[in-house]
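*Asks:* next input, structure requested:
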Amino acid sequence: MGNLLGGVSFREPTTVEDCDSTWQTDSEPEPEEPGPGGGSEGPGQEPEQPAQPPERAGGRPRASPAPDEDAEAAGAEQGGDSTEATAKPKRSFYAARDLYKYRHQYPQNFKDIRYQNDLSNLRFYKNKIPFKPDGVYIEEVLNKWKGDYEKLEHNHTYIQWLFPLREQGLNFYAKELTTYEIEEFKKTKEAIRRFLLAYKMMLEFFGIKLTDKTGNVARAVNWQERFQHLNESQHNYLRITRILKSLGELGYESFKSPLVKFILHEALVENTIPNIKQSALEYFVYTIRDRRERRKLLRFAQKHYTPSENFIWGPPRKEQSEGSKAQKMSSPLASSHNSQTSVHKKAKDFKNSSSAVHLNSKTAEEKKVAPKEPVEETDRPSPEPSNEAAKPRNTEKDSNAENVNSQPEKTGRKGYFSARPSS
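*Replies:* Have a look, this model is predicted:
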């Protein structure tokens with residue numbers, strides 16, 4: 001089986017746009033803010049099979065990057081808000097690819113077949129085995145570690161056991177979830193009860209409390225102290241990413257939106273944890289599988305994000321793009337109308353100038369004819385030739401006046417012809 005799978009190669013998404021389908025379909029009506037229930041299965045749910053599944057090569061499947069590893073590799077991307085407050089953020093392809101794989105159920109994850117009978121995570125939550133390497137059972141963690149913020153802060157091996165995923169984390173003793181184990185976990189009330197207690201314990205560690213069974217959250221009693229700590233200890237943002245992912249794997253997808261909305265509100269509106277906003281927009285929002293819920297959260301964030309021109313997560317500015325398109329279409333029409341008016345005016349000027357030229361030529365002909373008249377008609381009285389002679393002079397004077405008045409039109413006509421290409 002392994003040899004057969006080893007020859008299969010899949011093409012990974014290569015850009016952030018390939019990984020992000022949030023704004024692909026945005027036609028359905030939706031309220032501006034997410035409801036308390038959060039995301040759910042429905043028309044906005046992303047398909048389970050992606051258009052571009054991740055690549056596998058060489059017989060051994062390559063594990064998807066863990067959320068902790070993603071953030072560690074991304075470095076300042078998750079904690080850059082405090083150091084570069086004025087710099088425009090950039091979308092992280094590393095984060096987008098990791099969350100793309102998560103939302104699409106880790107396509108071509110061949111480990112799922114290999115480990116489906118292990119059930120280490122379920123046995124840990126049933127209090128049958130301790131987590132490794134510390135050797136501590138889940139009941140001890142829930143009873144003795146709760147409220148011990150120093151231990152929860154500085155121990156880095158328990159989080160992978162409390163919130164298991166279908167990808168490898170930094171604790172290599174922790175086993176990855178499988179689809180079979182997920183189904184068994186959901187059917188085990190004992191495991192689900194402890195999982196929710198673990199979630200509440202970590203929320204309290206962050207200064208947040210779960211207020212009801214639908215996933216709504218609020219500030220805990222100790223929120224000021226804990227928010228200050230959360231704003232400064234940015235490695236906890238990686239833990240929140242893992243927690244959100246695990247909620248979705250174990251049947252609590254609807255709990256994600258209330259938590260992410262709460263964090264965005266505290267970061268962008270209340271400014272109590274400003275350093276978390278980059279991670280919230282780049283990671284937390286994109287753990288949500290329903291596009292509609294992601295759009296609601298991003299619209300909320302855009303209203304409160306400062307500076308507004310640095311908001312890079314959408315939505316697309318349809319109205320502005322259509323307006324600019326209409327403006328572009330109207331500009332050629334206006335310029336065409338102006339050019340036609342200009343040509344018409346130039347033609348009119350040319351006609352007036354032609355009339356002036358014709359009048360000048362007529363006057364010149366009359367000048368030539370005028371001297372001959374006294375010779376041919378010698379019997380005519382003298383005053384009549386003088387009137388005839390006076391008439392051309394007046395006409396010449398009038399034509400000169402017309403020529404002076406039409407001088408600018410001549411100039412315009414000259415410019416008009418000079419613009420024409422030579423034949």
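
*Asks:* give me the low-pLDDT residue ranges for the stretch 301-423 of the chain?
*Replies:* Residues of the stretch 301-423 of the chain meeting the criterion pLDDT under 70: 315-423.

*Asks:* what helix or strand does Lys209 sit in?
*Replies:* Assigned by DSSP states H and E, Lys209 belongs to strand 208-210.

*Asks:* got the contact list for that strand?
*Replies:* Strand 208-210 is contacted from outside by 199-200, 203, 216-221, 223, 226, 259, 262, using Cβ atoms under 8 Å, 6 or more residues apart in numbering. Quick note: C-beta positions are derived from backbone N, CA and C, even for glycine.

*Asks:* again, only this time at 6 Å
*Replies:* Strand 208-210 is contacted from outside by 200, 203, 217-218, 220, using Cβ atoms under 6 Å, 6 or more residues apart in numbering.

*Asks:* partner strands of the helix or strand just after it, with direction?
*Replies:* Using DSSP H and E, the helix or strand that follows strand 208-210 in sequence is strand 217-219. In the sheet containing strand 217-219, its partner strands are strand 208-210 (antiparallel), by DSSP bridges.

*Asks:* what residues does Phe163 make contact with?
*Replies:* By Cβ under 6 Å, 6+ apart, the contact list for Phe163 reads 242-243, 246.

*Asks:* between the contacts of strand 208-210, which is closest to Tyr180?
*Replies:* Distance to Tyr180, by Cβ to Cβ, is smallest for Lys200 among these, at 27.2 Å.

*Asks:* so what does the closest one look like in phi/psi?
*Replies:* When read as degrees, to the nearest 10, the backbone of Lys200 gives phi -60, psi -40.

*Asks:* report pLDDT for it.
*Replies:* The model reports Lys200 with a pLDDT of 98.

*Asks:* what number of residues lie near the residue nearest to it when sequence neighbours are not counted?
*Replies:* The shortest distance from Lys200 to any non-neighbouring residue, by Cβ to Cβ, 6 or more residues apart in numbering, is to Leu210 (5.3 Å). Applying other Cβ atoms under 10 Å, we find 19 residues neighbouring Leu210.

*Asks:* tell me the spacing between Leu210 and Leu197.
*Replies:* Using Cβ to Cβ, to the nearest Å, one obtains 10 Å as the distance from Leu210 to Leu197.

*Asks:* count of residues packed around the closest residue to Thr306 other than its chain neighbours?
*Replies:* Nearest non-adjacent residue to Thr306, counting by Cβ to Cβ, 6+ apart: Leu268, 7.9 Å away. Here the number of neighbours of Leu268 (other Cβ under 10 Å) works out to 21.

*Asks:* from memory Leu268 sits against His304, does it?
*Replies:* Yes - the criterion here is Cβ atoms under 6 Å, and Leu268 meets it with His304 at 4.0 Å.

*Asks:* which helix or strand contains the spatially closest residue to Tyr125 that is not a sequence neighbour?
*Replies:* Sequence neighbours aside, Ala191 is the residue nearest to Tyr125 in space, at 3.9 Å (criterion: Cβ to Cβ, 6+ apart). Here Ala191 is covered by helix 189-206, with elements defined by DSSP H and E.

*Asks:* next, the buried residues of that helix.
*Replies:* By 16 or more other Cβ atoms under 10 Å, the buried positions in helix 189-206 come out as 191-192, 194-206.

*Asks:* which other residues reach stretch 182-192?
*Replies:* Stretch 182-192 is contacted from outside by 122, 125-126, 249-251, using Cβ under 6 Å, 6+ apart.

*Asks:* 10 Å instead?
*Replies:* Residues from elsewhere that reach stretch 182-192 (Cβ atoms under 10 Å, 6 or more residues apart in numbering): 112, 116, 119, 121-127, 138, 164, 166, 177-178, 194-195, 249-252.

*Asks:* which of these are buried?
*Replies:* Using 16+ other Cβ under 10 Å as the burial test, the contacts of stretch 182-192 include 112, 119, 121-122, 124-125, 138, 164, 166, 177-178, 194-195, 249-250, 252 as buried.

*Asks:* now the closest residue in space to Glu266 that isn't next to it in sequence: how far from Glu293?
*Replies:* Residue nearest to Glu266 in three dimensions, not counting chain neighbours: Thr272, with 4.8 Å by Cβ to Cβ, 6+ apart. For Thr272, the distance to Glu293 equals 23 Å [Cβ to Cβ].

*Asks:* give me the more crowded residue out of the two.
*Replies:* Glu293 (28 against 17).

*Asks:* packing partners for the helix or strand that one falls within?
*Replies:* For Glu293, the element it lies in under DSSP H and E is helix 291-304. Applying 3 or more Cβ pairs under 10 Å, 6 or more residues apart in numbering; DSSP states H and E, one finds that helix 291-304 contacts helix 256-264.

*Asks:* could you give the angle of the helix it packs on to helix 189-206?
*Replies:* Put simply, helix 256-264 runs at 10 degrees to helix 189-206, going by axes from the mean of the first three to the mean of the last three Cα atoms, to 10 degrees.

*Asks:* can you name the element that comes right after helix 256-264?
*Replies:* Downstream of helix 256-264, the first helix or strand assigned by DSSP H and E is helix 277-279.

*Asks:* straight-line length of stretch 260-280, end to end?
*Replies:* Using Cα to Cα, to the nearest Å, one end of stretch 260-280 lies 7 Å from the other.

*Asks:* could I get the buried residue list for that stretch?
*Replies:* Neighbour-count burial for stretch 260-280 flags 260-264, 266-268, 272-273, 275-280 (criterion: 16+ other Cβ under 10 Å).

*Asks:* what's across from Val217 in the sheet?
*Replies:* Counting by DSSP bridges, Val217 forms beta bridges with Leu210.

*Asks:* just give the nearest non-adjacent residue to Phe93, would you?
*Replies:* Closest residue to Phe93 apart from its sequence neighbours, by Cβ to Cβ, 6+ apart: Val16 at 5.3 Å.

*Asks:* again with Asp20
*Replies:* For Asp20, ignoring the flanking residues on the chain, the nearest one in space by Cβ to Cβ, 6+ apart is Ala96 at 5.8 Å.

*Asks:* mind listing what the residue nearest to Phe93 touches?
*Replies:* By Cβ under 10 Å, 6+ apart, the neighbours of Val16 are 90-97, 100, 312.

*Asks:* repeat the analysis, applying 8 Å as the threshold.
*Replies:* Per Cβ under 8 Å, 6+ apart, neighbours of Val16: 91-93, 96.

*Asks:* please pick the buried ones from those.
*Replies:* Neighbour-count burial (16+ other Cβ under 10 Å) applied to the contacts of Val16 gives 91-93, 96.
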